[in-house]
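Chemist: Could you look at this predicted model? Sequence included:
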Amino acid sequence: MALRTLALTAALLAPGIAAAASFDCGKAASATEKRICASPRLSSLDTQLTALYQKRAAGADAAAWRDDQRAWLRERNQCGDTACLARVYGERLVVLANGAGPFHWQGKWWRVDASGQYGSALTIKDVSPRGMRFELAALAGANSGALEGDAAFGKDQTAHYAGNAGDFTQNCALTFTRKVNRIEIAQKGDGSDCGAGAGVSFDGVYVAAAQDPNAQADLLTQGVVKTAAQDDAIRKLLGRDYATLVATAGSVSEGSAAAGMPGVTVVSMFVRGIACDTKATVMYDANGHYWVALWSPQPPAAKGGESVTELRYYTSVAADKKTLPGPIAAQRNQVCPSEREVVRMMP
């Protein structure tokens, strides 16, 4: 079952009618609806989202939730593929699941992040009618950053922070805006302006929770593969190494088809800040064939031991289990200068 945009819009506009109406996939009209209907995973996410939204729209902030859901539907309908839909559904579920109860500025907040690569925690305390004290800690791959200060309340549920020359943040500014149950932070100035490492920012959507509420990322939400079936196949192929592979997807880029391997998609991944030894190459075709290379640093065998990066190679193609395909072989020995690469052919 899935959300039908027109039926949902009508339900949102009708006072007293809760949440979204599900629809018959045989009548799916838009490209978005058809993608949802074609994917059991997206249909399941849609069902979960419908149930959560019904709870939120039945509360005291029903009108605000209806407006909020309309805005989210517009964002959802901009998605052009299954991976995008999986990401926006996953993030919306986090927003809805952590939307119960009255809004209070004070407390622990977490940035909504389906990728698992850009986590950020916000702590707000000492709230008064004039302002609040905040602490932020964020990541971008292996890079990190922290910022703390005082934000003054303005109009329309906002609070504003301006940096200062004393701690070299004079070019940094943050705006904290309440949006129904969450806080949205807009940042002016880059990571260095706000005292953070390369690629690190504090902006985004934050929800209140005692601990990080984000679901574990996967290859589909990261945009590495196109379908849940491909994600499941690689998960089975790698076993315990699947989580290690997903953790390398800080930066993802899809290249041209592999030379001499027509129809094979090649995706490169790495972690910002440690790209030389924490990276991966994923290759697949439409016939269910997979080739995966995963580079990861290994702890030295003993004190003063040699630093090693291990390349673990997996494939579902029996004929290729002892030979690295061209795009993977081309990445050999491109590791950190102080490390040596070793190759491990996985069964």
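Modeler: Great, that's in hand. Numbering: from 1, shown residues only.

Chemist: Going by C-alpha atoms from here, please, whenever you check contacts or count neighbours.
Modeler: Will do.

Chemist: Can you give the domain ranges for this protein?
Modeler: 2-97, 107-208, 228-345 (automatic domain parsing).

Chemist: Quick one: end-to-end distance for the longest one.
Modeler: End-to-end distance of domain 228-345: 26 Å, with Cα to Cα, to the nearest Å as the criterion.

Chemist: and the closest residue to residue 230 other than its chain neighbours, how many neighbours?
Modeler: Nearest residue to residue 230 in three dimensions, chain neighbours excluded: residue 288, at 7.5 Å (Cα to Cα, 6 or more residues apart in numbering). Neighbour count of residue 288, defined by other Cα atoms under 10 Å: 12.

Chemist: tell me the SS of residue 288?
Modeler: For residue 288, the assignment made with DSSP: H, G, I helix; E, B strand; the rest coil gives coil.

Chemist: what's the spacing between it and residue 227?
Modeler: Taking Cα to Cα, one finds residue 288 at 11 Å from residue 227.

Chemist: Equivalent analysis for residue 296, please.
Modeler: Distance, residue 296 to residue 227, using Cα to Cα: 26 Å.

Chemist: Settle it for me: which of those two has more neighbours?
Modeler: Per other Cα under 10 Å, whichever of residue 296 and residue 227 has more neighbours is residue 296, with 22 against 18.

Chemist: Do I have it right that the more buried one meets residue 309?
Modeler: Yes: here residue 296 reaches residue 309: they are 5.5 Å apart, a contact under Cα atoms under 8 Å.

Chemist: and for these two, which residues touch both?
Modeler: Counting by Cα atoms under 8 Å, 6 or more residues apart in numbering, the shared contacts of residue 296 and residue 309 are residue 277.

Chemist: What pLDDT is listed against the residue nearest to residue 230?
Modeler: pLDDT, residue 288: 97.

Chemist: Equivalent analysis for the one 10 residues further on, please.
Modeler: At residue 298 the predicted local distance difference test score is 89.

Chemist: Quickly list what it is bridged to.
Modeler: residue 308 (DSSP bridges).

Chemist: That one - how many residues pack around it?
Modeler: 14.

Chemist: go on, residue 131?
Modeler: 18.

Chemist: before we move on, what about the one 3 residues further on?
Modeler: The local packing of residue 134 (other Cα under 10 Å) involves 20 other residues.

Chemist: Please report how far it lies from residue 170.
Modeler: Residue 134 is 17 Å from residue 170, by Cα to Cα.

Chemist: got it, and residue 204?
Modeler: On the measure of Cα to Cα, residue 204 and residue 170 end up 21 Å apart.

Chemist: okay, those two: which has more neighbours?
Modeler: residue 204 (17 against 14).

Chemist: need the contact list for that one.
Modeler: 111, 112, 184, 185, 186.

Chemist: Alpha carbons only: can I get stretch 187-199 in CSV?
Modeler: Provided in CSV are the C-alpha atoms of stretch 187-199 (Å, rounded to 0.1, in the frame of the first residue of the first chain):
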residue,chain,number,x,y,z
GLN,A,187,24.5,28.5,8.8
LYS,A,188,26.4,31.4,7.2
GLY,A,189,30.1,30.8,6.9
ASP,A,190,32.0,27.6,6.0
GLY,A,191,33.5,25.1,8.4
SER,A,192,36.6,27.0,9.1
ASP,A,193,34.6,30.2,9.8
CYS,A,194,32.6,28.3,12.4
GLY,A,195,35.6,26.5,14.0
ALA,A,196,35.1,23.2,12.3
GLY,A,197,37.1,20.9,10.0
ALA,A,198,36.9,20.6,6.2
GLY,A,199,33.4,19.8,5.0
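
Chemist: in it, what counts as buried?
Modeler: Judged by neighbour count using 16 or more other Cα atoms under 10 Å, the buried positions of stretch 187-199 are 187, 188, 190, 191, 192, 193, 194, 195, 196, 197, 198, 199.

Chemist: mind listing which of the residues you listed are in strands?
Modeler: 187, 188 (DSSP state E).

Chemist: Quick one: the buried residues of stretch 187-199 as a markdown table, columns for pLDDT and distance to residue 157 too.
Modeler: Output for those, formatted as a markdown table (pLDDT from 0 to 100; distance: Cα to Cα, whole Å):
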| residue | pLDDT | distance to residue 157 |
| --- | --- | --- |
| 187 | 98 | 17 |
| 188 | 97 | 19 |
| 190 | 93 | 25 |
| 191 | 92 | 25 |
| 192 | 92 | 28 |
| 193 | 95 | 25 |
| 194 | 96 | 23 |
| 195 | 91 | 26 |
| 196 | 94 | 26 |
| 197 | 91 | 30 |
| 198 | 89 | 31 |
| 199 | 90 | 28 |
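
Chemist: Just give me the closest of the buried residues of stretch 187-199 to residue 231.
Modeler: residue 199 (27.3 Å; Cα to Cα).

Chemist: pretty sure that closest one is touching residue 191, no?
Modeler: Yes: contact criterion Cα under 8 Å: residue 199 and residue 191 qualify, at 6.2 Å.

Chemist: picking that back up, include distance to residue 214 when you put the domains of the chain into CSV, please.
Modeler: Output for the domains of the chain, formatted as CSV (distance: least, Cα to Cα, whole Å):
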stretch, distance to residue 214
domain 2-97, 6
domain 107-208, 6
domain 228-345, 14
